[in-house]
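Colleague: coordinates only, no sequence provided:
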């Protein structure tokens, strides 16, 4: 999810598939409005400054096979196809992802578009019983220096300074990087939404926290 710490890899009794055939129980979903379920589409936005270069951060997210090591709920990732698009300065991958939480487990194909050192977007491209839609976008921009691992969100009106030098274009600028995460999803079944509301209500924060821990594991604490 992409571009989703894992809670559960599975259970000894597989009852998740039985839920897929249940009737519409929209009234049980905490995301529904007057039982209509029209507000089940969830959107989350996170911004945080990291003491690493754009290139370092981009390369972690662009490595789709490493998702199970740090993305919440992702238990497996396998690249099915990889294609470069020189005109767009990007490459696209079809990645089979498996997500698992509580007693649910589901595999689906995600189209992952990587724009070097700038962004990685993952969109669920195949039908899944678990999600009606699932879209994750990571963006990386130069940022003004702030305390490492700052948890203070950058105000919307503050824009990172633009750079046009070679270092910036290659993602090697030594300044801190502003990471933006946009996550949107909608469960296919309101029962899943009701059961997982507590967990998925915090998923974007879990993703940023897990990503930070992954950065520290690979690059250290970022302090000179």
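Modeller: Perfect, I can see it now. These numbers were taken from a predicted model, which means no experiment stands behind them.

Colleague: what about the protein, any weak spots by pLDDT?
Modeller: Filtered on pLDDT under 70, the chain yields the residue ranges 1-39, 127, 145-172, 195-198, 223-224.

Colleague: now the longest helix anywhere in it: buried residues?
Modeller: When the chain is parsed with DSSP state H, its longest helix is helix 203-219. Going by neighbour count (16 or more other Cβ atoms under 10 Å), the buried part of helix 203-219 is 203-204, 206-212, 214-215. Placement of C-beta: from N, CA and C, glycine included.

Colleague: could you dump those into TSV with distance to residue 92 added?
Modeller: Formatted as TSV, the buried residues of helix 203-219 follow (distance: Cβ to Cβ, whole Å):
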residue	distance to residue 92
203	25
204	24
206	27
207	22
208	25
209	28
210	24
211	22
212	27
214	23
215	25
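
Colleague: all helices for the chain, in order.
Modeller: Under DSSP H, the chain gives helices at 16-19, 54-62, 67-70, 166-169, 190-200, 203-219.

Colleague: which among the ones you listed is found nearest to residue 184?
Modeller: Checking the helices of the chain against residue 184 by Cβ to Cβ gives helix 203-219 as the closest, at 9.9 Å.

Colleague: any figure for the gap between residue 178 and residue 138?
Modeller: 11 Å (Cβ to Cβ, to the nearest Å).

Colleague: who's more crowded, those two?
Modeller: residue 138 (25 against 22; other Cβ atoms under 10 Å).

Colleague: touching, that one and residue 181? I think so.
Modeller: Yes. Residue 138 is within contact range of residue 181, at 5.8 Å (criterion: Cβ atoms under 8 Å).

Colleague: what's near enough to touch the residue nearest to residue 126 when sequence neighbours are not counted?
Modeller: Once flanking residues are discounted, residue 126 sits nearest to residue 109: 4.0 Å by Cβ to Cβ, 6 or more residues apart in numbering. For residue 109, the contact set (Cβ atoms under 8 Å, 6 or more residues apart in numbering) comprises 80, 94-97, 124-126.
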